[in-house]
Structures are given as structure tokens and as C-alpha cells.
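A.B. asks: Fold the following and give me the result.
(one chain, ligands or ions: 2)
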Amino acid sequence: MSGTIDEPLHAPYDARVARRLLMFLIPYRRRVAAALVLLLALAAIAAFQPYLVKVAIDSHIATGDLAGLYGIALLYLGLLVLELGVAYGETYLTAWVGQRAMHDLREQLFERLQRLPVAFFDRQPIGRLVTRVTSDVEVLNELFSSGVVAVLSDGLMLVAIAIMMFAVNTELAIITLLVVPLVLAISFPLRRRMRDAQREIRRQLARLNAYLQERVSGLVVVQLFRQERASADEFAGINREHQAAQLESVHYYALFYPLIELVGALAVALIVWYGGGEILRGALTFGALVAFLQYAQKFFRPIRDLAEKYNLLQAAMASGERLITLLDEPLPPTPIRDGRQLPQPRGEIVFDDVWFRYVSDPWVLRGVSFGVRRGEKLALVGPTGSGKTTCASLLCGFYEPTKGRVLLDGLDVREYPRAELSRRVGLVLQDVFLFSRPVADNVHLDSASVDEREVAAALAAIGADGFVTELPDGANTEVGERGRSLSTGQKQLVAFARVLAHDPPVLVLDEATSSVDSASEALIEQAIGQLMTDRSSIVIAHRLSTIRRVDQIVVVHKGTVCERGTHQQLLAREGVYARLYELQFADQEGRSRRLAGEPT
Ligand SMILES: Nc1ncnc2c1ncn2[C@@H]1O[C@H](COP(=O)(O)OP(=O)(O)OP(=O)(O)O)[C@@H](O)[C@H]1O
Ligand SMILES: [Mg+2]
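C.D. replies: Ligands and ions are numbered 1, 2, ... in the order given. The predicted model follows:
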């Protein structure tokens, strides 16, 4: 089973990825600068506090200067309050910038996703793209707050503390720093194991999510085929592995933090042992020793954090890399024609020796040629998988022919700007897609050219007004995700009304193969007639009634046009069409006669 997160090992710092992601901070550079200044202030304040303690002990407590001690205490308190304020400002600013940058990144990603060619989505599982836009974007925040800010802040803190330690007592400072190699010796091997454990957790989580998603969306099949037991067992297995990965990670963290604490304690012991001796020899003041103990404590936290930040950065870089790949995904080339150079919309279509394959698979279309004159109606028929929907996709510009041309009003469809092509060619897909919005919204789709009256007129002309008025809120009724509160036939009618309202000169209709009850069937037949009126039409036909309306029939078989003509001509040939007719349409004959009121 393939996870939705494939995570190759990544360098903790990739200059290219970092640079691209940090570009998102540029609009907020003033606030970033302000946050950095606050960081500097925080480091200085933190490094200064133990020094105050030293002064308090050595200059005031030891000498019995109570008044001076009050002054120092007040100063210390003031510093604490200042530290609180600065820390608040720094945290808020950092989070603010991180959130804004993530917001911008998500916006850019969505924008790019919407404009990518349809072919891109043939190669990408939807779940993976959703992960990109949601969780991978968090990395920008992580890179910023845990990467840039944290590393800087920890680094500043270490430098500031080291400076103060050396200022107070050089020998003790060197002794404290002696344990640093020990910290590194512990961190490095553990850090790698912690990282691997984290990666395994993410992998297992992706598996868990993918399985859950598939089983929930396929619940009907699960229940229908009594798969509950098997699903539960399989899920239990994945769940167990996820838990094992979590526990492994917990194990390393549980080991890491106490070990670092231990080293910190060792440093304290060294300071007390050596410093105590120095005090007895009179070479060190008592206040300096206390200050050092505080410095040691403050010194080990950033060191410990840095090891963890390293892992975070590594994961962030991997996510960042994926995001950038998506942001750099090439858009379809924009044709450089302006409106004046486009031909008048007439509704003439020519397929000129069109060859096409999806990826590197075998040819799906092999030299398909046919033409539709203004106002003419053409039916594409053929066995399943013969390439009919592919022809429709090529005319709509979703894919480009590998060889040959598709012309609309004499101009290659590749030369049309996207928006213009959509205005000229109306498409109804085999499986209708409705948005979880009101019926009326699904008809006008926020197009400025379609007003409320036209929506109502389109619904009425299609014959959808009957069921729409019966909905609880009429045309303002929400249709649910993918339009699931409507029946298949009703959804089709809404999709028809959508095309009718936008009134394109060319109609491409990929008839649904699923059959509906005979009352709806009559409505849909009528609606299709209405749609095709005064419009050049290419219909991928599954209904006899539709076949009867067209001027010519083109039979597609294994990606080539094998027969063409009228219904009668093709029947007389007794070829592919005649066989197809026997299989697909003959049983509709009786029913359609009854519907039309003809004697059977
Ligand atoms: N997005 C795609 N990526 C790769 N191959 C595809 C894709 N869409 C379709 N195909 C392949 O192209 C061939 C033609 O598919 P197409 O959808 O055009 O058939 P069709 O004639 O519309 O069939 P049906 O009557 O079942 O709708 C099929 O073999 C199919 O497997
Ligand atoms: Mg099809």
C-alpha cells in the first residue's frame, strides 16, 4: 500500500528550498526584523540576570548593605517584567508572521492547483495534493519559528551566556564548557534514531489515513460484501504498527531528555566541586559561584533544543521540497492571441487526423477525423473504452493531441485562451459534478453573464423546474457534497440547465451510461432535445432517442473511425454499428416507442 507521504531522507538545510520558502517572509520583513531585535534583547536579559545575583551576594549581602540589596532586587524584578513583555512580543510576532506566510503559501498553492492542466491530476492521488496544501504548509511555519528564529535565539543565548561566564570567571567557564562534547556524543546517535522514529510515525500515519479514507468512502461495498471483519483485522494491523512506531519514538525521547539532564547535573557538580575549592582558597566569590550555577542551567536548555530542532528542520526541508515542486509545476502555455484575432463563433468543429495517448500507453486515438458544420448534430458511438470521452476532452482543450489538430471555427483549440474556449464549448460530463451549494449557484456558477432570471428560465426550459420547486428551499436548496441529495437524473437536469444558461455555440454531451426510470427518462430526452436546438453538438450517445436526433453518426472502434453515416445507412451496412445497436439500443426501442405514444 502506498502512503500519501513519501518522505525521502533530506539534508537538514537545503539552501534552495530554504531560500524559496523564506521568500514568503519578505512581505513581512519589518516584523521579522522586529522579532529578531526582541530576540537579541531576550538573550541579553537572560544573560544579565545571574550576574545581578552575583552582585547582590558579593557587594550587598556579604557587606551587609541592605539598602543596596533593595535596589538590586527592584532591578531584578524590573528585568523579569521586561523579559515577560519582550518574550510575549517576540512569541506573538513570530507566530503572526508564520501564520501570515502560511496563509500566503496556501493561497498560491491553491491558485496554482486550479490552473494546472487536467493531465497533471491523472498522475497525482488527490489525497497527496490535499496533504500538500494542508499539512506540508505547516513546514513553512516550522522552518521559520523552529528553524530561523529558534536557532538564532538559541545561538544568541549560548553566545551571551558564554560571554558572561568568561567575564565572571575564565576557569569555571572552561570547566562548564568541558561537558559540551559529552552532550554532542549523546545527541548525535540518539538524534538519528529519533528522526528515523519520527519518519516511521509519519509513514504509518499516512497509511492509517489512506486506509481509513478508502474504507469509509467505500463503506457501501464493505457492508454489501460483508467485509467488516476483514477490514477491522486489516485496520487493527495498521493501527498496531502505528502504535509500535509511536512507542519506539517515545523510548528515545524518554532516554534523551534525562541523559541531557544528567550531563547538566554533572556540569553543576563540577562547578560546585571546583568552585567550592576556589572559594575556600579565596580565589572566587560566593556570588560568582551562585551565578555560575544559574548560567550552567540556562546553558543546557538551548543545547538540548538544538538537537531536536535539527530533526524538525530535516522534516521541514523534505516537505518544503515537495511544496516547491508543486509551486513550480508548469502551467499550460497561454496562447498569445487577443480577442480581435479570434474567429467569429460559428460552431464548426474539425478533427483532423488526431492521434492521442495519455501517458506513454498505447495509442487511444489513431487518426480520428470528422467534422461538424454549423448547427449540425453528430453522435459518437462505440464500445466502452473506444476513445469517445477522450475526443470530448481534446475538443475542450483538457489534453493536447499527440499528433494532428482539433479545430474550432477554423482555429486550433490550442490557440484559444482558456476562458474563450470554455465560452464557446459547453460540456456535460458522463458523471455530473455539482458543488455543495444551492441549485441556482450550480447553474450560474458565479458567472457575471447569467442572472437569476436566466437561471430560472434555463431550469424551466430543461424541465427541471418541476422537481426544483418541490425542494424545501426551491432553487436555493443546498445539494450536498457532489450533489448527493439529488437523484442521478435530477443532477443531470441541473447540469443541462448549467450549459443552457451559459448558452455556448457548441455542445459536447457525454451521456451518462446509467439508466434512469422512465418518467425521468422522458424528461431527460426532452431536455437533451432542448439543449441541442440551434447548437452544433457532439453527443456521445447511449440513448436511441438521442441517436435519432442527430444528422450523422460516427462509430469509433479502438481509437479509429470505422463507420459513419445516418442511422438507416449504418444499419444497412450490418457492420460494427449494427452489432452495437443490437446490444445497446434495440431493447430501448419498445420503451421509446411507448413514451412517444407510437404503436409498438
Ligand atoms: N486519464 C486517463 N489516463 C490514462 N488512460 C486513460 C485516461 N482516460 C481514459 N484512458 C484510457 O483511454 C481509453 C479510452 O477511454 P475513453 O474514456 O475515451 O473511452 P470511452 O469511449 O469514453 O468509454 P465509455 O463508453 O466507457 O465511456 C481507455 O482504454 C482508457 O483506459
Ligand atoms: Mg466515456
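
A.B. asks: show me the contacts for residue 474.
C.D. replies: Listed by Cβ atoms under 8 Å, 6 or more residues apart in numbering, the contact set of residue 474 reads 439, 468. Backbone N, C-alpha and C define where each C-beta goes, glycine included.

A.B. asks: tell me the pLDDT at it?
C.D. replies: pLDDT, the model's per-residue confidence, is 86 for residue 474.

A.B. asks: Spell out which parts of the chain neighbour ligand 1.
C.D. replies: By Cβ under 6 Å from any ligand atom, the residues of the chain that approach ligand 1 are 122, 358, 361, 364, 382, 384-390, 430.

A.B. asks: average pLDDT for the strand or helix carrying residue 352?
C.D. replies: For residue 352, the enclosing helix or strand under DSSP states H and E is strand 349-356. Along strand 349-356, the predicted local confidence has a mean pLDDT of 95.

A.B. asks: Greatest separation within the residues of the chain next to ligand 1: which pair is it?
C.D. replies: Taking Cβ to Cβ as the measure, the residues of the chain next to ligand 1 reach their widest spread between 122 and 382, a distance of 21.5 Å.

A.B. asks: Neighbour count for those two, which is higher?
C.D. replies: When neighbours are counted by other Cβ atoms under 10 Å, residue 382 comes out ahead of the other of residue 122 and residue 382, with 24 against 10.

A.B. asks: List phi and psi for the more buried one.
C.D. replies: Torsion angles at residue 382 (phi, psi; degrees, to the nearest 10) stand at phi 160, psi 160.

A.B. asks: now swap in residue 435 and tell me
C.D. replies: On the backbone of residue 435 - angles per degrees, to the nearest 10 - the values are phi -90, psi 160.

A.B. asks: What's the per-residue pLDDT of the residue lying closest to it once chain neighbours are set aside here?
C.D. replies: Leaving aside its sequence neighbours, residue 435 sits nearest to residue 442 (Cβ to Cβ, 6 or more residues apart in numbering; 6.0 Å). On pLDDT, residue 442 comes in at 92.

A.B. asks: any idea which element residue 442 lies in?
C.D. replies: Using DSSP H and E, residue 442 sits in helix 439-444.

A.B. asks: can I get the residues of the chain next to ligand 1 in TSV with secondary structure?
C.D. replies: Listed next are these as TSV, based on DSSP: H, G, I helix; E, B strand; the rest coil:
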residue	secondary structure
122	helix
358	coil
361	coil
364	coil
382	coil
384	coil
385	coil
386	coil
387	coil
388	helix
389	helix
390	helix
430	coil
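
A.B. asks: and those residues as a markdown table, adding distance to residue 471?
C.D. replies: Formatted as a markdown table, the residues of the chain next to ligand 1 follow (distance: Cβ to Cβ, whole Å):
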| residue | distance to residue 471 |
| --- | --- |
| 122 | 35 |
| 358 | 39 |
| 361 | 43 |
| 364 | 40 |
| 382 | 37 |
| 384 | 34 |
| 385 | 37 |
| 386 | 38 |
| 387 | 38 |
| 388 | 33 |
| 389 | 31 |
| 390 | 36 |
| 430 | 25 |
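
A.B. asks: in the helix or strand hosting residue 422, what counts as buried?
C.D. replies: Element membership of residue 422 [criterion: DSSP H and E] is helix 418-424. Buried residues in helix 418-424, defined by neighbour count with 16 or more other Cβ atoms under 10 Å: 420-424.

A.B. asks: And stretch 286-299, by the same measure?
C.D. replies: Under 16+ other Cβ under 10 Å, the buried positions of stretch 286-299 are 287-296, 298-299.

A.B. asks: Show me the strands in the stretch 301-450 of the chain, by range?
C.D. replies: Remark: strands of the stretch 301-450 of the chain, listed N- to C-terminal, are 349-356, 365-372, 377-381, 403-408, 411-412, 425-428; assignment by DSSP state E, counting those that start in this stretch.

A.B. asks: Dump these to JSON lines, plus mean neighbour count.
C.D. replies: Compiled in JSON lines, these are given as follows (neighbours: other Cβ atoms under 10 Å):
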{"stretch": "strand 349-356", "mean neighbour count": "19"}
{"stretch": "strand 365-372", "mean neighbour count": "19"}
{"stretch": "strand 377-381", "mean neighbour count": "23"}
{"stretch": "strand 403-408", "mean neighbour count": "18"}
{"stretch": "strand 411-412", "mean neighbour count": "16"}
{"stretch": "strand 425-428", "mean neighbour count": "22"}
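
A.B. asks: Which of those sits closest to residue 30?
C.D. replies: By Cβ to Cβ (comparing all of these), the closest turns out to be strand 425-428, at 48.2 Å.

A.B. asks: residues in contact with residue 225?
C.D. replies: Contact partners of residue 225, counting by Cβ under 8 Å, 6+ apart, are absent.
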